[in-house]
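> Sequence plus predicted model, see below.
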Amino acid sequence: MPQSIPVSSMIEFPAAAVTLRGRSPLEAAWHRLLANRVARGGLVIIVVFTLMAVLSPVLLPYNPKVDADLLARLKPPSWIHPFGTDALGRDILMRILHGARVSLGLGVGSVALAAVVGSFLGLLAGYAGGRTDLCLMFCMDILLAFPATLLAIAIVAMIGPGLRNSLIAISVVSIPFYARITRGEVLALKEREFVTAARGLGGSARRILLWHIFPNTLPPLTVQTTLAVAFAILEAAALGFLGLGAQPPTPEWGAMLADSYKFFTSGAWWAFFFPGAAIMLSVLGFNLVGDALRDALDPRLRT
């Protein structure tokens with residue numbers, strides 16, 4: 001006669017498994033993301049900078065062409081100027097707030113363009129294979145052979161400085177990453193049973209790519225996009241610092257650093273500290289969320 005199993009020795013399932021039961025994979029990933037303290041901190045930073053970029057032009061109108069007061073140049077932080085003033089007497093806080101729209105706009109815009117183009121090329125290369133795959137990936141390898149910052153500088157030097165050209169340059173250097181990630185996912189997915197079944201039922205290549213393969217490539221692409229925004233902000237700041245990005249008097253964090261680093265030895269630390277802190281915090285926020293997204297979307301953590 002078999003012995004009965006004591007209640008105390010029965011297997012206990014993790015509380016997370018019970019909590020996540022009945023939720024879609026997207027909802028479960030979102031709850032895992034919010035449960036991560038690091039992710040919450042990164043989300044707070046991103047939301048703050050996003051609000052700065054969206055609300056500053058509405059709540060605090062600013063015209064950089066007429067904002068100069070040489071009598072108030074390089075004033076330290078005070079109640080009137082919480083972040084101090086720069087070499088032309090311009091309020092640094094006001095310029096950082098309005099610079100968020102420029103820097104974040106460059107970052108998000110360039111990543112969006114790179115994600116669309118790179119994902120399309122990756123889908124095409126991975127599914128078509130053969131010579132198409134060979135030619136496209138050879139082009140991507142050529143782009144990856146150059147340091148990203150150096151390549152962006154070369155592109156802007158050829159087509160001219162400015163915000164639009166900076167966006168194009170940053171997008172070009174980011175495309176290979178999306179193409180490689182998407183191609184790898186397509187190669188892993190196109191021989192799976194559900195794709196074979198869709199192909200056997202007469203599904204066209206376009207339908208299979210858009211409705212069966214592409215949705216399954218979104219998790220790694222989402223993580224890459226979040227991390228790429230941080231990279232794009234750094235690249236935009238680097239181009240601005242070299243005078244190839246936003247042109248004066250447009251407020252842009254990299255250009256603000258270029259105008260103020262020379263005062264490092266004169267004691268005017270606020271002129272370069274606050275623009276640098278804005279770059280650092282925004283990049284940190286996207287990196288934190290990207291790392292947490294990678295954990296939240298990991299299939300091994302799904303229950």
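Perfect, I can see it now. From a predicted model like this one, the values you see are computed outputs, not experimental measurements.
> continuing past the helix or strand containing residue 132, what's the next helix or strand?
Element membership for residue 132 (DSSP states H and E) is helix 130-144. Under the assignment DSSP H and E, the closest C-terminal helix or strand after helix 130-144 is helix 148-159.
> how about the helix or strand hosting residue 122: buried residues?
Assigned by DSSP H and E, residue 122 belongs to helix 92-128. Judged by neighbour count using 16 or more other Cβ atoms under 10 Å, the buried positions of helix 92-128 are 92-104, 106-115, 117-127. All C-beta atoms are positioned from the backbone trio N, CA, C, and that covers glycine.
> Looks like residue 212 contacts residue 195 (just checking).
Yes - the criterion here is Cβ atoms under 8 Å, and residue 212 meets it with residue 195 at 5.6 Å.
> quick one: the most centrally placed residue in the chain from residue 35, how far?
Taking Cα atoms, centre = their mean, the centroid of the chain lies closest to residue 229, which sits 1.7 Å from it. As judged by Cβ to Cβ, to the nearest Å, residue 229 and residue 35 stand 23 Å apart.
> rewinding a little: okay, and the common contacts of residue 212 and residue 195?
Shared contacts of residue 212 and residue 195 (Cβ atoms under 8 Å, 6 or more residues apart in numbering): residue 189.
> buried set for the helix holding residue 132?
Within helix 130-144, the residues that count as buried by 16+ other Cβ under 10 Å are 133, 136-137, 140, 143-144.
> And stretch 145-156, by the same measure?
148-149, 151-153, 155-156.
> okay if I get those residues as TSV plus distance to residue 43?
Formatted as TSV, these follow (distance: Cβ to Cβ, whole Å):
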residue	distance to residue 43
148	26
149	28
151	31
152	28
153	32
155	33
156	32
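> what's the closest of those to residue 281?
Ranked by distance to residue 281 (Cβ to Cβ), the buried residues of stretch 145-156 are led by residue 149 at 20.8 Å.
> Report the two of the buried residues of stretch 145-156 separated the most.
The span of these, defined through Cβ to Cβ, is set by 148 and 156 at 12.7 Å.
> Show the average pLDDT along stretch 76-84.
The pLDDT scores in stretch 76-84 average 93.
> okay, how far is it across it, tip to tip?
End-to-end distance for stretch 76-84: 5 Å, by Cα to Cα, to the nearest Å.
> can you pull the buried residues of that stretch?
Buried, per 16+ other Cβ under 10 Å, within stretch 76-84: 77, 81, 83-84.
> neighbours of residue 239, just the number please.
Residue 239 has 29 neighbouring residues, counting by other Cβ atoms under 10 Å.
> Just confirm it contacts residue 150, I think it does.
No - taking Cβ under 8 Å as the definition, residue 239 is not a contact partner of residue 150, at 11.5 Å.
> quick one on the thing from earlier: adding secondary structure as columns, could you present the buried residues of stretch 76-84 in JSON lines?
JSON lines is the format used below for the buried residues of stretch 76-84 (DSSP: H, G, I helix; E, B strand; the rest coil):
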{"residue": "77", "secondary structure": "coil"}
{"residue": "81", "secondary structure": "coil"}
{"residue": "83", "secondary structure": "coil"}
{"residue": "84", "secondary structure": "coil"}
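> is it possible to export those residues to JSON lines including distance to residue 62?
Shown next, in JSON lines, are the buried residues of stretch 76-84 (distance: Cβ to Cβ, whole Å):
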{"residue": "77", "distance to residue 62": "19"}
{"residue": "81", "distance to residue 62": "14"}
{"residue": "83", "distance to residue 62": "14"}
{"residue": "84", "distance to residue 62": "17"}
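> ok, now how distant is residue 279 from residue 196?
Remark: distance between residue 279 and residue 196 (Cβ to Cβ) = 48 Å.
> Which one's more surrounded, the two?
Neighbours per residue (other Cβ under 10 Å) separate residue 279 from residue 196, with residue 279 holding more: 24 against 12.
> my guess is the more buried one contacts residue 238, does it?
No - assessed by Cβ under 8 Å, residue 279 is found out of contact with residue 238, at 9.9 Å.
> Tell me the residues that contact both of these two, please.
residue 254.
> Residue 171: which element?
Following DSSP H and E, one finds residue 171 within helix 163-189.
> what angle do that helix and helix 92-128 make?
Between helix 163-189 and helix 92-128, the angle formed by their directions is 40 degrees, by axes from the mean of the first three to the mean of the last three Cα atoms, to 10 degrees.
> any idea of the angle helix 163-189 forms with helix 148-159?
Interaxial angle, helix 163-189 versus helix 148-159 (the same axes, to 10 degrees): 130 degrees.
> C-terminal to helix 163-189, which secondary structure element comes first?
Past helix 163-189, the next helix or strand by DSSP H and E is helix 193-200.
> Just the residues contacting that following helix, thanks.
Contacts to helix 193-200, defined as Cβ under 8 Å, 6+ apart, come from residues 189, 207-208, 212-213.
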